[in-house]
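> Below are the sequence and a predicted model for it; my questions follow.
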Amino acid sequence: MLMDAETPRMEWPLAIIVEAQKDDDGLVRRVKARLSTSNLDKGGKPDKQPVIRELPIQKVVLLLEASD
């Protein structure tokens, strides 16, 4: 989930982290996230290309950790 100061908390967009960028100290500072879309075509597939956003880690709310 991505924090957005302009929208209420219950409307924050869901996203999947596709890349984590580490800083010189080895800690993750920025991520690239693929945003979900609610617009589907008649076949049930997304009707447009996914949006990738780069943002600071402070704007990310972890809901479920990936399993290895």
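Now that the structure is in, tell me what you want to look at.
> need the contact list for the residue sitting nearest the centre point of the chain.
With distances taken as CA atoms, centre = their mean, the residue of the chain nearest its centroid is Ala15 (3.0 Å). Applying CB atoms under 8 Å, 6 or more residues apart in numbering to Ala15 gives the contacts 1-2, 33-36, 53. No exception for glycine: its C-beta is placed from N, CA and C like everyone else's.
> Tell me where the model's unsure across this protein.
Applying pLDDT under 70 to the chain picks out residues 68.
> Which residue ranges of it form strands?
15-22, 28-35, 51-56 (DSSP state E).
> just those strands: most buried one?
Of all those, strand 28-35 carries the top mean neighbour count, a mean of 16, counting by mean count of other CB atoms under 10 Å.
> Next, the angle from that strand to strand 15-22.
150 degrees (axes from the mean of the first three to the mean of the last three CA atoms, to 10 degrees).
> which strands and helices sit next to strand 28-35?
strand 15-22, strand 51-56 (3 or more CB pairs under 8 Å, 6 or more residues apart in numbering; DSSP states H and E).
> Direction included, what does that strand pair against?
strand 15-22 (antiparallel), strand 51-56 (antiparallel) (DSSP bridges).
> Distance to Leu63 for these - can I get that in a markdown table?
What follows is the strands paired with strand 28-35, written out as a markdown table (distance: least, CB to CB, whole Å):
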| stretch | distance to Leu63 |
| --- | --- |
| strand 15-22 | 10 |
| strand 51-56 | 16 |
